[in-house]
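*Asks:* Dropping a prediction and its sequence here:
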Amino acid sequence: MKIHTTYLDHVVLSVSDVAASSRWWSALTGARTTQDYEGEVSLQVGGQAIRLRQGTPAPSGSVSICLIADASIHDLYERAEQLHAVHGSIHPRTAATAPVQALTLEDPDGYKVELATYTPEGAPIR
C-alpha cells in the first residue's frame, strides 16, 4: 500500500462542548465551521479539516496537533495573547519537513495545539 498524499485529510477530536470548542478553534485558525452529514462540526484549516464530535475528550495532554502558519512567530504569539489562550514560550521544534519555531496552546478540553512557522534557515522539504 502506498499513501498518495503527504497531508492528513482530517482529524476528529471528541470535545465536551462542541459550541465552545468551535468558537475557540474558529477564533484561533480563522476557519469557518460547517456541519457534515454525520452531525460533526468541521473546520476547514488549510487543505485539511478538524472535526469536532460531542463526547468524552481524550485525557489532557494526550493529543497534540501542529498547525503551520504563514505568519511570523511573533505574530502567532500576539494572536495567542489576543485570544487569552494558555501558552508557553516560543520554542524550536522538528517538524515533518523542516525546522520550525512553535508556540504551544491548549484548547478548552486540554488538547495541545502548536502554532508553528518555518525557521529562517530553511523552507520545507517537499
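*Replies:* Cool, the structure landed.
*Asks:* how about the helices of this structure, start to end?
*Replies:* 18-29, 73-82 (DSSP state H).
*Asks:* Could you tell me the least trusted of those?
*Replies:* Within those, confidence is poorest for helix 73-82, with a mean of 89 (mean pLDDT).
*Asks:* Can you list the buried residues in that helix?
*Replies:* By 16 or more other Cβ atoms under 10 Å, the buried positions in helix 73-82 come out as 73, 76-77, 79-80. The way it works is simple: take the backbone N, C-alpha and C, and place the C-beta from them, glycine included.
*Asks:* Helix 18-29 and that one, what's the angle between them?
*Replies:* Per axes from the mean of the first three to the mean of the last three Cα atoms, to 10 degrees, the angle that helix 73-82 makes with helix 18-29 is 150 degrees.
*Asks:* gap between helix 73-82 and the chain center?
*Replies:* Here helix 73-82 is found 14 Å from its chain centre; the criterion is Cα atoms, centre = their mean, to the nearest Å.
*Asks:* ok so, going back, dump the buried residues of helix 73-82 into a markdown table; add distance to Gln101 as well.
*Replies:* Compiled in a markdown table, these are given as follows (distance: Cβ to Cβ, whole Å):
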| residue | distance to Gln101 |
| --- | --- |
| Ile73 | 4 |
| Leu76 | 9 |
| Tyr77 | 10 |
| Arg79 | 14 |
| Ala80 | 13 |
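*Asks:* nearest to Ala95, of those?
*Replies:* Ile73 (13.0 Å; Cβ to Cβ).
*Asks:* Excluding chain neighbours, what is closest to the closest one?
*Replies:* What sits nearest to Ile73 in space, not counting adjacent residues and going by Cβ to Cβ, 6 or more residues apart in numbering, is Gln101, at 4.3 Å.
*Asks:* count of residues packed around the one you found?
*Replies:* 19 (other Cβ atoms under 10 Å).
*Asks:* Each with direction, which strands does the helix-or-strand element of the chain with minimal mean pLDDT pair with?
*Replies:* The least trusted helix or strand in the chain, going by mean pLDDT, DSSP states H and E, turns out to be strand 86-87, with a mean of 73. Strand pairing for strand 86-87, determined by DSSP bridges: strand 99-106 (antiparallel).
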